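Asks: Quick one, what's the 3D model for this:
(one chain, ligands or ions: 1)
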Amino acid sequence: MMQQIVLGSSSQTRAEILRAHSIPFIQRECGFDEEQLSLQNPAHFVYHATKGKMQSYLASYALDRAVLCADTVVTAHGEILRKAKDVEDARRILERQSGSRVSILTCMMYKSAKCEMMDLSATHYRFKPFDKASLEAYLQGDEWKGKAGACMVEGFCKSYIEEVVGLESTAMGLSIEKLIPFLS
Ligand SMILES: Nc1nc2c(ncn2[C@@H]2O[C@H](COP(=O)(O)OP(=O)(O)OP(=O)(O)O)[C@@H](O)[C@H]2O)c(=O)[nH]1
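Replies: Numbers count the residues shown, from 1 in each chain. I've put the predicted structure just below:
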């Protein structure tokens, strides 16, 4: 029986990925504010955000269970695209990705009494131009909220994928295939 871990993240997507792989977990917030980071390099950003989340978690909780933290950003045209502030911001962020090459970077840090693991992976897409009416319909809903780049590679973006290099799980926020070997 796999040991229960702590998902140190409020992300529903990450929780769904763990559930889909039958990994027992409880979810705890880390309370780290990424807004304090002013890093332009996306890899540096997700690394320091994940490190901050892990440090914040360990300052609040004992290591009674293994803990997993992660951070994800989208980049397009050299710009880091994070979570949209409102629907206008979501429209701007998604239009930057339409018909473009987009990379989604996820950093994960896992710490247990036995081992520590850090993984930083990227998944690269080339999207066809987004259909304007479909984009507006997507923006009228709530699915884009709380998601890096307002995008859903398994949802709205899926039909526009012309090329992909990397794991879908990385693009969704948790490179699960890289984590599983470390789980007891
Ligand atoms: N469903 C889905 N979620 C995505 C996709 N891309 C990014 N996300 C989610 O977007 C969020 C990125 O924001 P983060 O700051 O890394 O994490 P968070 O959701 O704020 O949660 P914390 O770990 O508590 O900070 C995560 O929840 C990712 O799982 C995607 O293509 N599909």
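
Asks: Contact partners for the closest residue to the ligand within the chain?
Replies: Relative to the ligand, the nearest point of the chain is Gly173 (2.5 Å; C-beta to the nearest ligand atom). Heads up, the C-betas are built off the backbone N, CA and C, glycines and all. Gly173 makes contact with 11, 13-14, 17, 70, 72, 106, 148, according to C-beta atoms under 8 Å, 6 or more residues apart in numbering.

Asks: Redo the residues you listed as CSV? Include pLDDT.
Replies: What follows is these, written out as CSV (pLDDT from 0 to 100):
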residue, pLDDT
Ser11, 97
Thr13, 97
Arg14, 98
Ile17, 98
Ala70, 98
Thr72, 97
Thr106, 98
Ala148, 96
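
Asks: who's the nearest residue to Lys51 once chain neighbours are set aside bridged to?
Replies: Using C-beta to C-beta, 6 or more residues apart in numbering and skipping residues adjacent in sequence, the residue nearest Lys51 is Met109, 6.8 Å away. Met109 forms beta bridges with Cys69, Met118, as assigned by DSSP bridges.

Asks: What count of nearby residues applies to Met109?
Replies: 22 (other C-beta atoms under 10 Å).

Asks: give me every residue that touches it.
Replies: Per C-beta under 8 Å, 6+ apart, neighbours of Met109: 50-51, 53-54, 68-70, 116-118.

Asks: Can you give me the distance of it to Tyr47?
Replies: As judged by C-beta to C-beta, to the nearest Å, Met109 and Tyr47 stand 9 Å apart.

Asks: Show me what the top helix by length along the chain is in contact with.
Replies: Secondary structure assigned by DSSP state H gives helix 42-60 as the longest helix of the chain. Applying C-beta under 8 Å, 6+ apart, the contact partners of helix 42-60 are 6, 8-9, 28, 30-32, 34, 36-37, 39, 67, 69-73, 75, 80, 103, 105-109, 111, 118, 120, 122.

Asks: before we move on, what about stretch 176-183?
Replies: Outside stretch 176-183, the residues that reach it (C-beta under 8 Å, 6+ apart) are 2-3, 5, 17-18, 21, 23, 66, 68, 108, 110, 112, 115, 117, 119, 121, 167, 169.

Asks: Mark which of the residues you listed are part of strands, please.
Replies: In this view, these that belong to strands under DSSP state E are 5, 68, 108, 110, 117, 119, 121.

Asks: Cheers, nothing more for now.
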